[in-house]
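Chemist: model the following, please.
(chains A and B)
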Number of protein chains: 2
Amino acid sequence: MSEVATEKISLQEIYDLAFDVFSKYGCNQDNATALSRIVHNAERDGSLSHGLFRVPGYVASLKSGKVKGEAEPNVKQNLPTIISVDGDYGFAPYALEVGLPVLAKAAEDSGIAILKISNSFHFAALWPETEFLAEKGLIGIACTAAKPMVAPAGAKKAFFGTNPLSFAWPRKESTPIVFDMATSTLAMGDVQIAARDGHAVPPGTGLGPDGNPSDDPQEIIKGVLLPFGGYKGSAISLMVELLSAGLTGDNFSYEAGTTDNNDGGPPKGGELIIAISPALVAGNEWSTHSEMFLKKLKNMEGVRIPGERRHKNRLDQGPRFINKAMLDKVKKLLE
Amino acid sequence: MSEVATEKISLQEIYDLAFDVFSKYGCNQDNATALSRIVHNAERDGSLSHGLFRVPGYVASLKSGKVKGEAEPNVKQNLPTIISVDGDYGFAPYALEVGLPVLAKAAEDSGIAILKISNSFHFAALWPETEFLAEKGLIGIACTAAKPMVAPAGAKKAFFGTNPLSFAWPRKESTPIVFDMATSTLAMGDVQIAARDGHAVPPGTGLGPDGNPSDDPQEIIKGVLLPFGGYKGSAISLMVELLSAGLTGDNFSYEAGTTDNNDGGPPKGGELIIAISPALVAGNEWSTHSEMFLKKLKNMEGVRIPGERRHKNRLDQGPRFINKAMLDKVKKLLE
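Modeler: Here you go, the predicted structure:
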């Protein structure tokens, strides 16, 4: 691993830097606050590919006019269990702040509810939304499509997005179980970071522009990513396309690929979120029962509980060491 | 591949054979009908590890008294969107016949609904339940846990079941998109069939009893299966445990492992099924929009649409060529 220069910066400074940048490029208070919180929380949790690294992309889409910095998302409850948010062509974090509490209330009342978000631009991780639900005692499932970057199993051309799927399971006495995975072997953000830092990527990550497997992130960026776990991961990615585009009415990855202006920011798309109340579905014993299972799992040698590393990082309120070249790039946006 | 002796038998004969066997060992009309239909449909669709191959296991659990052949499943609608079926200690197919129509009606009314099945013994594929929903124009998601056979990512000991996950997407003008996958690299049924037929299994299928990777199905049966796609598939398998046991109140795989009588049949467990109405969630355009996507996917070189092979097999109403040794074993149950 090559030595990469870093700079020490506090979490508050990370938030303020992001807020100032988003405000300068046209975000109103509500949108800048939601976005900066997302960037801050990603750096806090060590989710580096969704932190400051994303800021230039957000700014590119504000500058190109593709995304509205003053978007006013509109929430509707179509049925007691169906909530929809029209994102008004803004970034997803503010649309989520508007929609998630309504979804949570619906699941608390009805046991299960569904939120579809459309006309929105998602450039962040999905764990913030599933964790929000888990912290209210609900199970959260979220997914979104993107632009074509992944070849379906058997193909050599991009058609699926990296199509992340996130799941959170609430726990009464500790932080929730949370996973948030690209359904590609690696997320494109991780491949980009490997390219930036000069690292090879694991076998199965992708194909080069010639259609042959490669471990060179530069080649894969010119080629195509592969789904994780072969045809099974490809089926999961297909499910994500159908739920997040087919069920929201917004873009499938291939549609985003042909309509996006390629300004470096995220494409317009949909997101689907399901919330379930374990108390209403399973009854009062749900927590005791599942905690016995989770305790046994945690005690197994070699096992890592999904979400645990992020929650551990979160406890550290100290400064973060940020890639210096990237930080300079973000700071330069204020000049 | 070694030559395996087969015998030609009609689909009706397959159904009748299964029905006679189940009736002989104590199933009443309703349970024998539901079970024989499941066996028949599996052989019809080429889903061999869930057809006649399973009959001796079903019989073992009827003989041991673990499973009731005269079970009367009881369905309750706890809330408009939450349905529960107590399987009365019978096999799952009849419990599903009782619960699925209630789930479908709830999803048609409310947009989304959830069915939890408990006190039931599942030994079949999951596509029959998700397909049932898709044929009514609904999205179906189903999962169930089993006995410990899969090591979580990083571990060398079994803790998860093969924990299948099935998803079906309805189509107005053709058969639905359906996947039904073990979250292990291979299902144990497939490993058993490979062992029977003397085939090696793909790398990543499992570890031998010494904890080292193996491609010998005999060794893996003595050792442990691995999740598909490493830690990502392991996270999906964890989600299946939490949904199908944590949310139904029935056995996690490790609980089934300690309480089951190991008679060769399935352990007691829960199943969770979610049904979603695309018409109510996405609106009237859902079908046109998703069909454009599916058409593009189908036209890609090298891509196979999940469920297509089974639906193609189904069109063939002719006889099936069944492994002779296995067929003899089933017939012998009638002697």
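Chemist: which parts of chain A are helices?
Modeler: A:11-24, A:29-45, A:55-63, A:92-110, A:127-134, A:188-197, A:217-222, A:230-241, A:253-259, A:278-282, A:286-298, A:308-315, A:324-332 (DSSP state H).
Chemist: select, out of these, the one closest to B:A187.
Modeler: The closest of the helices of chain A to B:A187 is helix A:230-241. By C-beta to C-beta, the value is 11.2 Å. Bear in mind the C-beta positions are built from the backbone N, C-alpha and C, glycine included.
Chemist: hang on, the earlier thing: which of the helices of chain A has the lowest mean pLDDT?
Modeler: The stretch with the lowest average pLDDT out of the helices of chain A is helix A:188-197, scoring a mean of 87.
Chemist: count of residues packed around the residue in chain A positioned nearest to chain B?
Modeler: Residue of chain A nearest chain B, by C-beta to the nearest C-beta: A:G229 (2.3 Å). Using other C-beta atoms under 10 Å in any protein chain shown, A:G229 has 25 neighbouring residues.
Chemist: do I have it right that it meets B:F228?
Modeler: Yes: with contact defined as C-beta atoms under 8 Å, A:G229 reaches B:F228; the gap is 4.3 Å.
Chemist: shared neighbours, these two?
Modeler: B:T185 (C-beta atoms under 8 Å, 6 or more residues apart in numbering or on different chains).
Chemist: please name the residues that touch A:A195.
Modeler: Per C-beta under 8 Å, 6+ apart, neighbours of A:A195: A:217-218, A:221.
Chemist: ok, of those, which come out buried?
Modeler: Buried members of the contacts of A:A195, scored by 16 or more other C-beta atoms under 10 Å in any protein chain shown, are A:217, A:221.
Chemist: dump the contacts of A:A195 to TSV, plus distance to chain B.
Modeler: As requested, the contacts of A:A195 are exported to TSV (distance: C-beta to the nearest C-beta, whole Å):
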residue	distance to chain B
A:P217	19
A:Q218	24
A:I221	21
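Chemist: so can I have CSV of the contacts of A:A195 showing distance to B:I82?
Modeler: Output for the contacts of A:A195, formatted as CSV (distance: C-beta to C-beta, whole Å):
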residue, distance to B:I82
A:P217, 46
A:Q218, 51
A:I221, 46
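Chemist: A:N299: neighbour count?
Modeler: For A:N299, the count of nearby residues is 8 (other C-beta under 10 Å).
Chemist: repeat that for A:S174.
Modeler: A:S174: 12 neighbours (other C-beta under 10 Å).
Chemist: list phi and psi for it.
Modeler: When read as degrees, to the nearest 10, the backbone of A:S174 gives phi -150, psi 180.
Chemist: enumerate every residue touching it.
Modeler: Counted by C-beta under 8 Å, 6+ apart, A:S174 has zero contacts.
Chemist: against A:D250, how distant is it?
Modeler: Separation of A:S174 from A:D250 (C-beta to C-beta, to the nearest Å) stands at 35 Å.
Chemist: for A:N299, same thing?
Modeler: Here A:N299 is placed at a distance of 43 Å from A:D250 (C-beta to C-beta).
Chemist: what is the burial count for the nearest residue to A:L242 once chain neighbours are set aside?
Modeler: Distances taken as C-beta to C-beta, 6 or more residues apart in numbering or on different chains put B:W169 closest to A:L242, at 5.0 Å, once the chain neighbours are dropped. By other C-beta under 10 Å, 26 other residues sit near B:W169.
Chemist: does B:W169 touch B:I141 like I think?
Modeler: No: assessed by C-beta under 8 Å, B:W169 is found out of contact with B:I141, at 10.1 Å.
Chemist: quick check, pLDDT for A:S2.
Modeler: The model's pLDDT for A:S2 equals 55.
Chemist: whoops, I mixed them up, A:N284
Modeler: 94.
Chemist: rewinding a little: can you redo the helices of chain A as a markdown table with distance to B:P278?
Modeler: Formatted as a markdown table, the helices of chain A follow (distance: least, C-beta to C-beta, whole Å):
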| stretch | distance to B:P278 |
| --- | --- |
| helix A:11-24 | 35 |
| helix A:29-45 | 29 |
| helix A:55-63 | 30 |
| helix A:92-110 | 18 |
| helix A:127-134 | 21 |
| helix A:188-197 | 29 |
| helix A:217-222 | 34 |
| helix A:230-241 | 13 |
| helix A:253-259 | 17 |
| helix A:278-282 | 22 |
| helix A:286-298 | 29 |
| helix A:308-315 | 33 |
| helix A:324-332 | 41 |
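Chemist: quick check: residues of the stretch 1-150 of chain A near chain B?
Modeler: Residues of the stretch 1-150 of chain A lying close to chain B (C-beta under 8 Å from any C-beta of the partner chain) are A:78-82, A:110-114, A:116, A:139.
Chemist: now do the contacts for the residue of chain A closest to chain B.
Modeler: B:185, B:228-230, B:232-233.
Chemist: quick one, phi psi at it?
Modeler: Residue torsions, per degrees, to the nearest 10, at A:G229 are phi 60, psi 30.
Chemist: same question, A:G137
Modeler: phi 80, psi 20.
Chemist: per-domain residue ranges of chain A.
Modeler: In terms of domains, chain A is parsed into A:6-184+A:227-332, A:188-226 (source: automatic domain parsing).
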